[in-house]
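>>> Got a predicted structure plus its sequence, pasted below:
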Amino acid sequence: MTKRYNDYFGDFGGRYVAEVLRAPLDELEDAFLDAMDDPSFHDEFDEIASTFVGRPTPMLYAKNSSKEIGGAQIFVKLEGLANTGAHKINNAVGQILLAKRMGKRRIIAETGAGQHGVATAAVCAKMGFECTVYMGEIDITRQKPNVFWMELFGATVAPVGSGQKTLKDAVNEALRDWASSFADTHYIIGSALGPSPYPDMVREFQSVVGREARAQIEEMITARDLNLEALVACVGGGSNAIGFFEPFLETKAPRLIGVEAGGRGPEPGNHAARMKGLGRTGIVQGYKSLFLLDPDGQVQDTHSVSAGLDYPGIGPQLAALGVAGRIEFARATDSEALDALQFFAKNEGVVFALESAHGAAEAIRLARELPPTSAIVVNMSGRGDKDLFITAKQLDKERWQEFLAREAAE
């Protein structure tokens with residue numbers, strides 16, 4: 001029998017839910033544990049990952065960027081080349097296979113930047129599930145291309161107009177739906193958070209990224225006689241980071257660096273950074289972790305140029321690893337992320353998603369401090385196609401607005 005996963009990671013985690021959700025969470029945990037023991041489940045996951053997702057994703061040596069910086073050598077795990085454009089599809093495949101195993105017929109999900117929603121909708125289309133995706137009204141406006149793709153895949157995108165109208169509020173609505181429909185519905189949480197067993201499940205399904213990276217590091221970095229200094233990943237809820245870091249969590253090296261959204265600055269409401277003393281311990285949306293809370297314990301507003309990083313909490317395992325010191329945390333501002341996006345686009349011909357560009361900004365900063373014999377691997381967890389309406393407005397506002405005006409007039 002496979003190991004039973006802990007409900008807690010140090011002081012964080014748990015299952016703080018209404019009584020009505022305890023039975024479906026128990027059912028889900030049993031199905032997950034059984035699946036982890038079943039070779040046929042892993043075989044089906046691997047087959048879909050190979051023929052539909054496009055695994056393994058490549059590792060790029062950012063030779064031009066490294067030369068321009070003049071410090072450490074930068075490598076990029078191109079997770080954005082997976083089908084639907086981001087790492088999110090790994091978890092979607094795993095959880096929908098679990099849903100099939102449990103006999104569910106309907107899938108619900110939440111999404112912020114839209115990548116989890118697109119991935120879920122795509123896998124549902126392939127596997128014949130009904131799909132509803134909850135999305136905040138603000139995120140629907142700024143991520144319109146992903147809304148189009150979700151609907152093209154046959155999903156219903158349900159707007160959420162409560163609260164800040166972003167990811168946190170979409171999670172709340174999805175939980176309400178699941179509480180009344182779990183008999184035939186599975187709720188796919190897109191990040192490594194929420195009540196147990198979600199943090200464990202998402203980490204396990206995303207660890208394929210880290211396992212591939214470890215093998216590619218052996219081939220590309222060790223062969224160049226470089227010292228692997230650090231792995232770098234952006235952190236919202238934390239699904240790409242915990243999957244990328246997973247094979248290295250029990251070792252002392254390399255450094256593991258998670259990069260949060262520094263937004264417009266350090267004032268409350270202008271960022272989404274929870275670590276390094278900014279977050280407070282709380283229980284929100286079924287789990288205990290570090291959240292951005294006001295003095296009365298209420299969840300604060302957040303901001304990031306990237307829709308996927310403006311969540312007020314962080315996954316419980318990442319919080320515990322940060323407190324323990326195994327994972328370091330840094331912040332990148334909106335402007336630093338946009339600068340990094342342009343830097344890698346012009347030097348390497350790859351476009352980071354705005355979320356992933358936060359990690360790219362930290363990789364650039366770190367490379368400047370380290371010698372050329374060191375190597376840094378940054379996870380490009382998604383590509384930037386989805387951000388066109390944001391980045392074009394930020395970087396070329398006048399011509400972009402002229403283009404949109406012409407298109408609207410036709």
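On my side now, so go ahead. This is a predicted model, so every value here is computed, not measured.
>>> In terms of helices and strands, where is A174?
When elements are assigned from DSSP states H and E, A174 belongs to helix 167-181.
>>> for that helix, packing partners?
Here helix 167-181 touches strand 106-111, strand 130-136, strand 156-160, strand 185-188, going by 3 or more Cβ pairs under 8 Å, 6 or more residues apart in numbering; DSSP states H and E. From N, CA and C alone the C-beta is placed, and that goes for glycine too.
>>> Including mean neighbour count, distance to P254 and mean pLDDT, could these go into CSV?
CSV is the format used below for the helices and strands packed on helix 167-181 (neighbours: other Cβ atoms under 10 Å; distance: least, Cβ to Cβ, whole Å; pLDDT from 0 to 100):
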stretch, mean neighbour count, distance to P254, mean pLDDT
strand 106-111, 26, 31, 96
strand 130-136, 25, 36, 97
strand 156-160, 18, 39, 97
strand 185-188, 25, 31, 98
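>>> In JSON lines: those strands, plus distance to E219.
Below are the helices and strands packed on helix 167-181 laid out as JSON lines (distance: least, Cβ to Cβ, whole Å):
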{"stretch": "strand 106-111", "distance to E219": "34"}
{"stretch": "strand 130-136", "distance to E219": "37"}
{"stretch": "strand 156-160", "distance to E219": "41"}
{"stretch": "strand 185-188", "distance to E219": "33"}
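>>> Between those, which one is closest to P24.
strand 185-188 (8.3 Å; Cβ to Cβ).
>>> circling back to that earlier point, nearest to G71, of the helices and strands packed on helix 167-181?
Closest among the helices and strands packed on helix 167-181, using Cβ to Cβ: strand 106-111, at 36.5 Å.
>>> Give me the sheet partners of that closest one and which way each runs.
Applying DSSP bridges, strand 106-111 is found paired with strand 130-136 (parallel), strand 185-188 (parallel).
>>> and the angle for the first one with strand 156-160?
For strand 130-136 against strand 156-160, the angle by axes from the mean of the first three to the mean of the last three Cα atoms, to 10 degrees is 30 degrees.
>>> give me the low-pLDDT residue ranges for this protein?
Along the chain, segments meeting pLDDT under 70 span 1-6.
>>> Need the nearest residue in space to N270, chain neighbours excluded.
In space, and not counting its chain neighbours, N270 is closest to R264: 4.2 Å by Cβ to Cβ, 6 or more residues apart in numbering.
>>> From what I see, the one you found and D334 are in contact.
Yes: taking contacts as Cβ atoms under 8 Å, R264 lies within contact range of D334: 6.2 Å.
>>> How much space separates the residue lying closest to A324 once chain neighbours are set aside from A233?
Residue nearest to A324 in three dimensions, not counting chain neighbours: G10, with 6.8 Å by Cβ to Cβ, 6+ apart. Distance, G10 to A233, using Cβ to Cβ, to the nearest Å: 20 Å.
>>> So which of those two has more stuff around it?
A direct count of neighbours by other Cβ atoms under 10 Å for G10 and A233 places A233 higher, at 33 against 13.
>>> Contact partners for G237?
By Cβ atoms under 8 Å, 6 or more residues apart in numbering, the contact set of G237 is G190, S191, A192, L193, Y311, G313, I314, G315.
>>> Could I get the residues you listed in CSV, plus columns for secondary structure and distance to G103?
Formatted as CSV, those follow (DSSP: H, G, I helix; E, B strand; the rest coil; distance: Cβ to Cβ, whole Å):
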residue, secondary structure, distance to G103
G190, coil, 22
S191, coil, 25
A192, coil, 26
L193, coil, 26
Y311, coil, 31
G313, strand, 31
I314, coil, 33
G315, coil, 28
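>>> Buried subset of those residues as a PyMOL selection?
Buried residues within the contacts of G237, by 16 or more other Cβ atoms under 10 Å, are selected in PyMOL with:
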select buried, resi 190+191+192+193+311+313+314+315
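>>> now the contacts of G237 in CSV, with distance to R142?
Formatted as CSV, those follow (distance: Cβ to Cβ, whole Å):
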residue, distance to R142
G190, 17
S191, 19
A192, 24
L193, 22
Y311, 15
G313, 21
I314, 22
G315, 24
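>>> quick revisit: the helix holding A174 relative to strand 130-136, how many degrees between them?
Going by the same axes, to 10 degrees, helix 167-181 is angled at 140 degrees with respect to strand 130-136.
>>> how long is stretch 129-146 end to end?
Using Cα to Cα, to the nearest Å, one end of stretch 129-146 lies 19 Å from the other.
>>> My understanding was that F344 contacts S66; is that so?
No: F344 is beyond contact range of S66, at 11.1 Å (criterion: Cβ under 8 Å).
>>> Those two - which one has more neighbours?
Neighbours were tallied for F344 and for S66 using other Cβ under 10 Å; the higher tally belongs to F344 (27 against 20).
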